[in-house]
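In: Give me the fold of what follows.
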Amino acid sequence: MIHALKTYPEYFEKVRSGEKTFELRENDRDFREGDYLALNEWDGHYTGKTELVKVTYIMDPNDIMPCSGNYVLMSIEYVGSYDSCGKEGLQ
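Out: Got it, this is the predicted structure:
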C-alpha cells in the first residue's frame with residue numbers, strides 16, 4: 001500500500017538527507033509495516049517534490065507514554081524520489 005501524505009519542507013528535507021528516519025502520524029489510514037509513504041512536500045501548496053519511504057517498524061506511542069489521540073510512530077527507510085523509482089522498484 002502506498003499512502004500519499006503532505007510533508008512540510010523542513011521535514012521533507014530531513015527525510016531526503018537521511019537525517020529523519022521516523023514519522024509520527026495520526027493512524028487514520030491503518031498504517032502497516034511494509035507500506036510505503038509518498039511524502040509530498042507541502043508549503044501551503046504542493047511543490048511537486050515527492051520522496052518515497054518504506055515503513056520498516058511501527059510502534060504505538062502509548063506503549064511508552066500516555067498520548068491522546070490515535071497516533072503511530074513509524075520507522076522509515078528512504079527509497080528515493082517517487083517519480084524516479086517507479087512502481088517496479090517497490091517490493
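
In: Glu33 falls within a helix, correct?
Out: No. Assigned with DSSP: H, G, I helix; E, B strand; the rest coil, Glu33 falls outside any helix and is coil.

In: now it: how far from Asn70?
Out: Distance, Glu33 to Asn70, using C-beta to C-beta, to the nearest Å: 17 Å. Heads up, the C-betas are built off the backbone N, CA and C, glycines and all.

In: wait, isn't Tyr71 in contact with Arg25?
Out: Yes. Using C-beta atoms under 8 Å, Tyr71 is in contact with Arg25, at 6.8 Å.

In: Please read off the pLDDT at Tyr82 from the model.
Out: Looking at Tyr82, its pLDDT is 74.

In: which residues does it contact?
Out: Taking C-beta atoms under 8 Å, 6 or more residues apart in numbering as the criterion, Tyr82 is in contact with 38, 50-52.

In: Can you tell me the SS state at the residue located most distally from the centre of the chain?
Out: Largest separation from the mean C-alpha position in the chain: Pro66, at 22.6 Å (C-alpha atoms, centre = their mean). Following three-state DSSP, Pro66 is assigned to coil.

In: Report the central residue of this protein.
Out: Per C-alpha atoms, centre = their mean, the C-alpha nearest to the average position across the chain is that of Leu37, at 4.4 Å.

In: Contacts only, for that one.
Out: Leu37 neighbours (C-beta under 8 Å, 6+ apart): 2-3, 5, 23, 52-55, 74, 76.
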